[in-house]
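Engineer: fold the following and give me the result.
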Amino acid sequence: MERAVPTSPTAANRSCENLECYMVLMQAEKTAIGSICFLAGPFTLLENALVLGVIAATATLRRRPTYLFIASIALADVFASCFFTTSFLYFHLFRHSDGPTAYLFKLGGVIMAFTSSVGSLLLTALDRYLCIHQASSYKVLLTRRRALLCLLILWSATIFISFLPLMGWRCPTGLIPPCSRLFPYVNHATWPAGPALHWCF
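Structural biologist: Numbers count the residues shown, from 1 in each chain. A predicted model of the protein is given here:
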């Protein structure tokens, strides 16, 4: 059975003010995705925490750029497991809504996690490319210091862009009318991460 869509502007504004207009999943969708989150969330968290623990405990691995990039992927996936799973279950499954600050913090965490994961994958791909095609000069081109610098730039840029709405770069009208059909309090027209959100979701 489809959700009834508010027909009048007043009803639509009231629905968005309570964030109900963003709770668009059907019961079957909530059951399926909720089950995946309950099962995959803790498993992914523990798996990536184990990877981080092994790399952190092994001095040889910590000195190699490849494993620094792998650790970055694992760290991003740990954040994704925490932010995405809790945010999705809390909002869509249990239908609880947060205020602007709490909601934008969770949304920023999700964007930070997924963007950092993709960025770390790209750095890993670059690392493998240099290792294969520039084998003779690989250790000179990609040192541990340069790998750490790349990760510092990646995470700094990702954190800054992801939490711009939390720092004040948000929808000027609030929720009445909403600036975005996907996320509350967000203006995709001006937020740098907006186009990526539209493409991903």
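
Engineer: which parts of the longest helix seen in the chain are buried?
Structural biologist: With secondary structure taken from DSSP state H, the chain has its longest helix at helix 100-133. Across helix 100-133, burial judged by 16 or more other Cβ atoms under 10 Å covers 103-104, 106-120, 123-124, 127, 130. No exception for glycine: its C-beta is placed from N, CA and C like everyone else's.

Engineer: and it, what other elements does it pack with?
Structural biologist: The contact analysis (3 or more Cβ pairs under 8 Å, 6 or more residues apart in numbering; DSSP states H and E) places helix 100-133 against helix 65-88, helix 138-141, helix 144-162, helix 194-200.

Engineer: pLDDT on the second one, on average?
Structural biologist: The pLDDT scores in helix 138-141 average 90.

Engineer: C-alpha coordinates for that helix, CSV please?
Structural biologist: The C-alpha atoms that make up helix 138-141 are tabulated as CSV, following Å, rounded to 0.1, in the frame of the first residue of the first chain:
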residue,chain,number,x,y,z
TYR,A,138,58.5,2.8,-6.5
LYS,A,139,60.1,3.2,-3.1
VAL,A,140,61.5,6.6,-4.0
LEU,A,141,58.2,7.8,-5.5
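
Engineer: please compute how far it lies from its chain's middle.
Structural biologist: Remark: helix 138-141 is offset 32 Å from the chain centroid, using Cα atoms, centre = their mean, to the nearest Å.

Engineer: please apply the same query to stretch 70-79.
Structural biologist: The answer for stretch 70-79 is 11 Å, by Cα atoms, centre = their mean.

Engineer: going forward can the numbers begin at 11, since that is how I track them
Structural biologist: Got it, first residue is 11 now, which makes that one stretch 80-89.

Engineer: just the C-alphas of it, formatted as PDB.
Structural biologist: Extracted in PDB, the C-alpha atoms of stretch 80-89 (Å, rounded to 0.1, in the frame of the first residue of the first chain):
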ATOM      1  CA  ILE A  80      44.400  -0.300   3.600                       C
ATOM      2  CA  ALA A  81      44.200   1.000   7.100                       C
ATOM      3  CA  SER A  82      42.500   4.100   5.900                       C
ATOM      4  CA  ILE A  83      39.900   2.100   4.000                       C
ATOM      5  CA  ALA A  84      39.300   0.000   7.100                       C
ATOM      6  CA  LEU A  85      38.900   3.200   9.300                       C
ATOM      7  CA  ALA A  86      36.500   4.700   6.800                       C
ATOM      8  CA  ASP A  87      34.400   1.500   6.800                       C
ATOM      9  CA  VAL A  88      34.400   1.500  10.600                       C
ATOM     10  CA  PHE A  89      32.900   5.000  10.500                       C
END
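
Engineer: contacting residues around it?
Structural biologist: 54-55, 58-59, 61-62, 65-66, 119, 122-124, 126-127, 130-131, 133-134, 161, 164-165 (Cβ atoms under 8 Å, 6 or more residues apart in numbering).

Engineer: coming back round to it: could you give the angle of the longest helix of the chain to helix 75-98?
Structural biologist: Taking axes from the mean of the first three to the mean of the last three Cα atoms, to 10 degrees, one finds helix 110-143 and helix 75-98 inclined to each other by 150 degrees.

Engineer: tell me the mean pLDDT for helix 110-143?
Structural biologist: Mean predicted confidence for helix 110-143 is 92.
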